[in-house]
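1. How does the following fold in three dimensions:
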Amino acid sequence: MDLFQPSCFDDIDHHFRRPLRGYFLRRSVSPTDADDLTQDVFLRLLSRRKDNAIDNFEGYVYRIATNVLNDFRRRSAIFDDKPFEDHCHENHEWLIDRIDAERIVLAREALMTLRAALDGLDERTRTVILLYRLDRMRQREIAKKIGLSVSSVEKIIVKAMVHLARAMRSS
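-> Prediction:
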């Protein structure tokens with residue numbers, strides 16, 4: 001199954017969007033967050049390694065959904081409304097990522113590749129993907145800000161992610 005073919009992704013979107021949204025809603029996630037988390041599942045699907053075969057695709061999708069939900073809850077717990085001082089007494093050692101010279105070089109190369117791929121997008125697509133991934137704006141907010149439908153924003157995000165994934169894969 002090649003997710004990078006538009007027809008394949010459309011089939012997956014059609015089959016999984018509503019059930020995934022329901023999955024998140026049943027786990028006490030707001031409707032807006034459920035939409036964003038569903039989109040994150042699709043983005044993770046697009047960013048997976050192409051050479052990894054998937055035996056149980058539906059199980060794989062829901063494993064990604066569980067991971068996305070866990071990440072969301074982890075971020076929510078870290079960035080809650082507690083005062084900064086309350087967080088100072090907690091052990092956040094697991095947040096520290098050890099960095100070495102090789103990782104720095106690889107990260108710089110990946111960043112240059114990503115920058116070139118972003119430059120290859122048209123202005124509207126680049127703006128939408130940067131608002132979504134860098135500024136962490138919700139799709140509804142982006143749609144309102146740019147004057148598009150939420151559906152259009154979703155399609156632009158998918159288009160941009162396919163373009164970026166292809167560029168990163170070929171580097």
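2. From Arg108, how far out is Arg18?
-> Between Arg18 and Arg108 the distance is 41 Å, computed by CB to CB, to the nearest Å. (C-beta placed from N, C-alpha, C; glycine too.)
3. what do you get for Arg27?
-> 38 Å.
4. Ranking helices and strands of the chain by mean pLDDT, which lands last?
-> helix 84-88 (a mean of 53; mean pLDDT, DSSP states H and E).
5. next structured bit after that one?
-> helix 101-119 (DSSP states H and E).
6. then the helix or strand following that next one to PDB, C-alphas only?
-> Next helix or strand after helix 101-119 toward the C-terminus (DSSP H and E): helix 123-129. Extracted in PDB, the C-alpha atoms of helix 123-129 (Å, rounded to 0.1, in the frame of the first residue of the first chain):
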ATOM      1  CA  GLU A 123       2.700  30.700  -0.800                       C
ATOM      2  CA  ARG A 124      -0.800  29.700   0.400                       C
ATOM      3  CA  THR A 125       0.200  26.000   1.100                       C
ATOM      4  CA  ARG A 126       3.400  27.100   2.800                       C
ATOM      5  CA  THR A 127       1.500  29.600   5.000                       C
ATOM      6  CA  VAL A 128      -1.100  27.000   6.000                       C
ATOM      7  CA  ILE A 129       1.500  24.300   6.900                       C
END
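7. Quick one: list the elements packing against helix 123-129.
-> Contact partners of helix 123-129 among helices and strands, from 3 or more CB pairs under 8 Å, 6 or more residues apart in numbering; DSSP states H and E: helix 101-119, helix 139-146, helix 150-170.
8. Alright, calling it a day.
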